[in-house]
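Peer 1: Whatever this is, show me its structure:
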Amino acid sequence: MLRRTKIVATLGPATDQTVAGENEYEVLDRIIEAGVDVARVNFSHGAHADHKRRAEAVRNRARAHGRQVGILADLMGPKIRISGFKDGKVMLKPGEAFVLDATLGGIEGDLLDGTRERVGISYKNLPNDVARGDTLLLDDGRIELWVERVEGSEIACVVRVGGELSNKKGINRKGGGLSAGAITDKDRADIKAAAEMKADYLAVSFPRHAGDIHEARELFQQAGGTGGIVAKIERAESLPAIEEIIGASDAVMIARGDLGVEVGDAELPALQKQIISMARSMNKVAITATQMMESMIHSQIPTRAEVFDVANAVLDGTDAVMLSAETAAGKYPDLAVAAMHRVCIGAEKQRLARISDHRINTEFRRIDEAIAMATMYAANHLGAKAIAALTESGSTALWMSRISSGIPIYALTGHVGTRRKVTLYRGVYPVSFDTSSANHAEVNQEAVDELVRRGAVRDGDLVIITKGDLMGVHGGTNAMKIVRVGNMVPPKKDGTDQE
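Peer 2: Numbering: from 1, shown residues only. Okay, the predicted model is just below:
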């Protein structure tokens with residue numbers, strides 16, 4: 001059974017390692033073999049040279065395995081953090097006073113000059129964004145501070161929930177409302193690096209509105225980037241603008257860490273379902289992220305709660321599930337990917353993951369979109385074994401993938417960028433294929449032959465082929481053909497189908 005839900009795995013020191021010391025790419029090979037579809041490079045950590053090296057290594061090793069793995073470059077964004085402490089960490093106790101001081105920490109918040117009484121912050125405008133009575137949550141909500149007063153550059157707080165606080169932990173205001181812009185100077189430099197590594201997707205952190213997405217896309221394209229834009233939903237204030245943010249993006253990531261801190265963990269499950277549903281209804285890709293199998297940073301097996309979390313995301317209709325520290329810094333990166341693969345396969349066996357009424361009563365405005373919807377309706381009701389979508393941009397395959405189904409969709413394309421893009425689409429599998437021939441009958445036969453070679457279909461199976469009259473033209477899909485493997489009528493000498 002092919003896995004339809006895609007797996008995004010974050011690269012890091014753990015994926016750089018070798019196990020036996022014989023193969024430089026041993027761990028990387030293992031996560032590719034385990035089934036990773038998209039590799040994430042996280043610009044919040046590491047140097048550009050490291051990210052470029054890892055992206056090149058992934059593509060080279062994927063090619064060696066006969067696989068296609070996409071690259072997602074994830075911007076840091078205006079992550080608001082404390083700077084750090086002279087001793088590396090402090091212990092805060094409930095009822096104690098503690099000050100967030102904008103004069104400490106240096107311009108980038110990189111000076112570790114904090115003490116038990118106060119610490120610097122990376123976002124120097126924070127004192128202007130908070131007031132007495134606000135609640136500030138540090139380290140993903142593990143530390144809770146109540147703002148007693150704001151005096152100049154100092155935010156004087158009382159510790160409500162204490163604990164150990166170490167360097168560079170994040171700060172959130174409960175309920176949201178921080179004014180930091182989504183695109184920072186660091187992000188601008190990182191966008192250029194992402195374009196240079198030919199990233200297939202660029203993830204924008206903490207967008208507030210569609211304008212942030214448009215700005216990132218423009219900067220990415222100016223730098224030579226051609227990939228899609230992913231909006232990471234992390235701010236409470238992004239929720240009122242969620243529809244326009246999704247509309248401006250190619251994909252949306254439900255980043256449950258910061259979002260959960262700002263809106264409260266009890267609100268997260270319903271938000272996850274709503275955002276996934278909205279994204280799919282708008283023909284966008286949905287990624288579910290954060291702490292999906294966090295115990296596997298140290299453990300060889302996931303907890304039952306993590307298994308249910310991943311499975312529920314699959315049943316919600318997410319296109320992809322994501323691993324962060326589990327693969328970037330964990331002890332068992334390949335086992336984490338393998339575990340996620342197993343859980344996705346198990347969830348996809350359920351009928352709920354295979355039924356859909358997506359856009360059944362909607363008027364279509366484009367011919368290629370109508371062909372995609374008609375194809376899925378026919379495939380689901382005819383019992384077709386596979387769909388061969390001859391595509392230039394991947395749009396037809398994307399529209400098809402919005403319909404829940406167990407039928408694999410093969411995106412046959414000669415464009416490597418398109419093959420990498422569809423690695424994030426649920427139920428879509430990239431295939432290198434020359435679609436430029438004007439001989440339609442021969443192209444049909446070659447497409448079916450390719451699926452036979454891959455073991456996807458065999459004699460007697462029904463296959464649905466979609467393509468355009470003018471091969472090689474973007475947005476030109478206007479034909480659907482249903483064929484039975486082994487019974488295809490050979491083309492006439494002029495290359496047309498026999499009547």
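Peer 1: can you map out the strands along the stretch 251-400 of the chain?
Peer 2: Counting by DSSP state E, counting those that start in this stretch, the stretch 251-400 of the chain has strands at residues 251-255, 285-289, 320-323, 386-390.
Peer 1: Between those strands, which one is closest to residue 216.
Peer 2: With Cβ to Cβ as the measure, strand 251-255 is the member of the strands of the stretch 251-400 of the chain nearest residue 216 (12.7 Å). Every residue, glycine included, has its C-beta placed from N, CA and C.
Peer 1: returning to that earlier point: now tabulate the strands of the stretch 251-400 of the chain in TSV and tack on mean neighbour count, distance to residue 181 and mean pLDDT.
Peer 2: Below are these laid out as TSV (neighbours: other Cβ atoms under 10 Å; distance: least, Cβ to Cβ, whole Å; pLDDT from 0 to 100):
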stretch	mean neighbour count	distance to residue 181	mean pLDDT
strand 251-255	26	18	97
strand 285-289	26	22	97
strand 320-323	27	25	98
strand 386-390	28	39	94
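Peer 1: in the protein, which segments are predicted with low confidence?
Peer 2: Within the chain, the segments meeting pLDDT under 70 span 19-22, 108-109, 352-364, 437-438, 469-476, 489-499.
Peer 1: hmm, try it at 50
Peer 2: Residue ranges of the chain with pLDDT under 50: 498-499.
Peer 1: how does it divide into domains?
Peer 2: Domain ranges of the chain: 6-77+181-352, 89-173, 367-484, per automatic domain parsing.
Peer 1: Quick one: closest of the ones you listed to residue 83.
Peer 2: Using Cβ to Cβ, the nearest of these to residue 83 is domain 89-173, at 3.0 Å.
Peer 1: ranges for the helices of the stretch 351-499 of the chain?
Peer 2: Along the stretch 351-499 of the chain, the segments classed as helices by DSSP state H, counting those that start in this stretch run 367-382, 395-401, 416-421, 440-453.
Peer 1: again, but for the stretch 101-250 of the chain
Peer 2: Going by DSSP H, counting those that start in this stretch, the stretch 101-250 of the chain shows helices at 126-129, 185-196, 210-222, 242-248.
Peer 1: what residues does the shortest one touch?
Peer 2: The list of residues contacting helix 126-129 from outside it, by Cβ atoms under 8 Å, 6 or more residues apart in numbering, reads 80, 100, 102, 150, 152-155, 171, 173, 177-179.
Peer 1: For that helix, buried residues please.
Peer 2: Neighbour-count burial for helix 126-129 flags 126, 127, 129 (criterion: 16 or more other Cβ atoms under 10 Å).
Peer 1: Also the second one?
Peer 2: Within helix 185-196, the residues that qualify as buried are 186, 187, 190, 191, 192, 193, 194, 195, counting by 16+ other Cβ under 10 Å.
Peer 1: Kindly provide the distance from the fifth one to residue 223.
Peer 2: Using Cβ to Cβ, to the nearest Å, one gets 5 Å for the distance from residue 192 to residue 223.
Peer 1: which residue sits closest to residue 224, ignoring its sequence neighbours?
Peer 2: On the basis of Cβ to Cβ, 6 or more residues apart in numbering, the spatially nearest residue to residue 224 that is not a chain neighbour turns out to be residue 195, at 4.7 Å.
Peer 1: Pull the contacting residues for the one you found.
Peer 2: Residue 195 sits in contact with 220, 223, 224, 225, where contact means Cβ under 8 Å, 6+ apart.
Peer 1: Which members of those are the farthest-apart pair?
Peer 2: With distances taken as Cβ to Cβ, the most widely separated pair in the contacts of residue 195 is 220 and 224, at 8.5 Å.
Peer 1: and the two? which has more neighbours close in?
Peer 2: The residue with the greater number of neighbours, taking residue 220 and residue 224 and applying other Cβ atoms under 10 Å, is residue 220; the counts read 22 against 11.
Peer 1: That one contacts residue 196, correct?
Peer 2: No: the pair residue 220 and residue 196 fails to qualify as a contact (Cβ atoms under 8 Å) at a distance of 11.2 Å.
Peer 1: Bridge partners for residue 120, pull those for me.
Peer 2: On the basis of DSSP bridges, residue 120 is bridged to residue 101.
Peer 1: In stretch 195-204, which residues are buried?
Peer 2: 195, 197, 198, 199, 200, 201, 202, 203, 204.
Peer 1: If we only consider the residues you listed, which is nearest to residue 440?
Peer 2: residue 200 (29.9 Å).
Peer 1: and the gap between the closest one and residue 191?
Peer 2: When distance is defined by Cβ to Cβ, residue 200 is 14 Å away from residue 191.
Peer 1: Thanks a lot, catch you later.
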